[in-house]
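Chemist: The following comprises the amino acid sequence and a computationally predicted model.
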There are 2 protein chains.
Amino acid sequence: MPQDVLAEIQTLADLRREIRAGRMTGHTAGLAPGKLQCNIAILPAAHALDFLRFCVRNPRACPVVGVGETGDPGLPTLGEDIDIRHDLPRYRLYRDGQFVEERTEIAAQWRDDMVTVALGCSFTFERALLAAQIPMRHVEQNRTVPMYRTDLPLVPGGPFGGTMVVSMRPLRGRDVPRAIEICARYPQAHGAPVHVGDPSEIGITALDRPEWGESVTVRPGEVPVFWACGVTSQNALLAAGIPLVITHAPGHMLICDTDEDATGPARTT
Amino acid sequence: MPQDVLAEIQTLADLRREIRAGRMTGHTAGLAPGKLQCNIAILPAAHALDFLRFCVRNPRACPVVGVGETGDPGLPTLGEDIDIRHDLPRYRLYRDGQFVEERTEIAAQWRDDMVTVALGCSFTFERALLAAQIPMRHVEQNRTVPMYRTDLPLVPGGPFGGTMVVSMRPLRGRDVPRAIEICARYPQAHGAPVHVGDPSEIGITALDRPEWGESVTVRPGEVPVFWACGVTSQNALLAAGIPLVITHAPGHMLICDTDEDATGPARTT
């Protein structure tokens, strides 16, 4: 995003306007601090009940924080004027489980049978960890957090299933208990980690070769800590091969009116 | 339940067998301590997506802890061998929003398009409060907890909406903060209270005339504390007037394999 656009963004309303107009098409990490950011999955209503079942059964990986009405691009519990056809900086379209294109709006692709599901994301607990002086290596190294397939089974729901995808952040031993305590406060944002230590215990063979994101350095005295990751739901949606799925592009999240410290989905009505 | 049946029940498996056989048809309060007990709503799949939307938007009142597959009477994430057609001590059937009958099993009423939704219940936080030496007046007085309609609006979802129903427990002032802290640990069981003090602030006109349950004594130095109540979802289901809804009879809950202290729905697969 050009610096002059960033400089002009003073408020959440400004930011949403810039995203909606297609002028802000970059990552949302660090923007609108304190506001909930969400993973987004948009899918036909015919598959929405199964997808919600799948999410409810796997709350660590797929914490549902909002659901739109069928055919309605609003998400009133997450923001008064959200229009999901325009309010992500960048979208990805998949047909029959295959990537088709990346777009900055989906007005023409929206249909009367589409349902939007918003899932909490790691930005929430990362901000809380940084506020507690627990450093994030991928932030220090200016990389995308490394993500891995695991052999941790998900509870299936309809055509959705598979195994969990996790993100990894190396922590000093003394920070591990505190980090877990902090993250446990955010069940709507993946909650506490799912594994600490030996990657091979959860089916990860090479820590330096993540399947998504970039490898980060694990220093002596540090232990790798693994959190359930939003890519889990995207994977499950693609593996199911349903006719049309639209998601956010990685890191290009929905920014909500809701505070990330809210104890549940916000209520604006 | 006859005392001789109760005396024979040694294990959760025994208890489920007695309920399944129709020999145990009483309240489940206090049974299988430490095991999650659930409110149950069984409804046609045509309305299940809307109902899940409604629940996700109102997590205090309607905390979803499990969902069955369409037409499948199992709830594998809550117990390995649950058969929801038999495993509640007592059911209520409603057609087009009208009460039809109370039954002890629903084998003949079950249909291939039915979906079971399990919602957390107040037994979980009541047990935690009692363990912390915070007395429950309705338990002391051997009454059903008093419940009230409020004017607290729910976020609608499809045909489901209305206002929140709350339960009330009077607490000593010094117990209020501790009680709130404890209940906040159980978001899957209505979480922290929604109101403390003046009932008229939430639209309750007469504390001594609850709409469900029985009135309890509020002593000097005590303050009425109000929790979101599972009757909220039952009310919303009835008000929507959908063709067929089956629920548990009040106090006759599903007893799960899952521990109530689990941080999320259990995984048995």
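Modeler: Perfect, thanks for sending it.
Chemist: any idea what sits nearest the residue in the stretch 101-250 of chain A that chain B sits nearest to, other than its immediate chain neighbours?
Modeler: Of all residues in the stretch 101-250 of chain A, A:V155 sits closest to chain B, at 5.5 Å by Cβ to the nearest Cβ. Bear in mind the C-beta positions are built from the backbone N, C-alpha and C, glycine included. Closest residue to A:V155 apart from its sequence neighbours, by Cβ to Cβ, 6 or more residues apart in numbering or on different chains: A:R57 at 4.0 Å.
Chemist: Those residues of the stretch 51-200 of chain A touching chain B, which are they?
Modeler: Within the stretch 51-200 of chain A, the residues that sit near chain B (Cβ under 8 Å from any Cβ of the partner chain) are A:52-53, A:56-57, A:59-60, A:64, A:66-67, A:69-70, A:76-77, A:115, A:153, A:155-158, A:184, A:187, A:191-192.
Chemist: that older thread, count the residues that sit near the residue nearest to A:V155.
Modeler: A:R57 has 27 neighbouring residues, counting by other Cβ atoms under 10 Å in any protein chain shown.
Chemist: Quick check: it touching B:G68?
Modeler: No - judged on Cβ atoms under 8 Å, A:R57 makes no contact with B:G68 at a distance of 10.3 Å.
Chemist: any weak-confidence spans in the stretch 51-200 of chain A?
Modeler: Within the stretch 51-200 of chain A, no range satisfies pLDDT under 70.
Chemist: how about the strands in it?
Modeler: Listed in chain order, the strands of the stretch 51-200 of chain A (DSSP state E, counting those that start in this stretch) span A:64-67, A:91-95, A:98-103, A:114-120, A:147-153, A:163-172, A:195-196.
Chemist: Single out the most deeply packed of those.
Modeler: strand A:64-67 (a mean of 27; mean count of other Cβ atoms under 10 Å in any protein chain shown).
Chemist: now it, how far from the centre of its chain.
Modeler: Average the C-alpha atoms of strand A:64-67, do the same for its chain, and the two points are 12 Å apart (Cα atoms, centre = their mean, to the nearest Å).
Chemist: So what are the sheet partners of that strand and their directions?
Modeler: Here strand A:64-67 is paired, per DSSP bridges, with strand A:114-120 (antiparallel).
Chemist: Do a quick rundown of the helices in chain A.
Modeler: A:3-8, A:12-20, A:45-57, A:123-131, A:137-140, A:176-184, A:231-239 (DSSP state H).
Chemist: who touches the second one?
Modeler: It refers to helix A:12-20. A:5, A:8-9, A:24-25, A:31-32, A:35, A:79, A:81-83, A:86-89, A:255, A:257 (Cβ atoms under 8 Å, 6 or more residues apart in numbering or on different chains).
Chemist: right, and A:E201 touches A:H195 too?
Modeler: Yes - with contacts counted by Cβ under 8 Å, A:E201 reaches A:H195, the gap being 6.7 Å.
Chemist: And the contacts of helix A:12-20, which of them are buried?
Modeler: Neighbour-count burial (16 or more other Cβ atoms under 10 Å in any protein chain shown) applied to the contacts of helix A:12-20 gives A:9, A:24-25, A:31-32, A:35, A:79, A:82-83, A:86-89, A:255, A:257.
Chemist: Among the residues you listed, which pair sits farthest apart?
Modeler: A:T25 and A:D257 (21.0 Å; Cβ to Cβ).
Chemist: buried stuff in stretch A:13-29?
Modeler: A:L15, A:R16, A:E18, A:I19, A:R20, A:M24, A:T25, A:T28, A:A29.
Chemist: Bridge partners for A:H195, pull those for me.
Modeler: A:F226.
Chemist: need the contact list for the closest residue to A:D83 other than its chain neighbours.
Modeler: Among residues not flanking A:D83 along the chain, A:P73 sits closest, at 5.0 Å (Cβ to Cβ, 6+ apart). Residues near A:P73 by Cβ under 8 Å, 6+ apart: A:I82, A:D83, A:I84, A:R85, A:W110, A:M114, A:T116.
Chemist: distance of the fourth one from A:I40?
Modeler: What it means is A:R85. Applying Cβ to Cβ, to the nearest Å, the value for A:R85 to A:I40 is 11 Å.
Chemist: Which one's more surrounded, those two?
Modeler: Neighbours per residue (other Cβ under 10 Å) separate A:R85 from A:I40, with A:I40 holding more: 25 against 19.
Chemist: In the sheet, which residues pair with the more buried one? Tell me.
Modeler: Bridge pairing for A:I40 - DSSP bridges - gives A:A118.
Chemist: again with A:G66
Modeler: A:A118.
Chemist: Correct me if wrong: it contacts B:R57.
Modeler: Yes - counting by Cβ under 8 Å, A:G66 sits close enough to B:R57 to count as a contact (7.5 Å).
Chemist: From B:A262, how far off is A:G22?
Modeler: Distance from A:G22 to B:A262, by Cβ to Cβ: 44 Å.
Chemist: Hmm, A:P210 and A:R143 touching each other?
Modeler: No - taking contacts as Cβ under 8 Å, A:R143 lies outside contact range of A:P210: 9.9 Å.
Chemist: quick one: which of the two has more around it?
Modeler: Per other Cβ under 10 Å, whichever of A:R143 and A:P210 has more neighbours is A:P210, with 21 against 15.
Chemist: List of residues touching stretch A:24-39?
Modeler: Residues contacting stretch A:24-39 (Cβ under 8 Å, 6+ apart): A:1, A:5, A:9, A:12, A:15, A:18-19, A:65-66, A:78, A:89-90, A:104, A:118-121, A:123-124, A:127, A:188, A:230, A:233-234, A:247-248, A:251-262, A:266.
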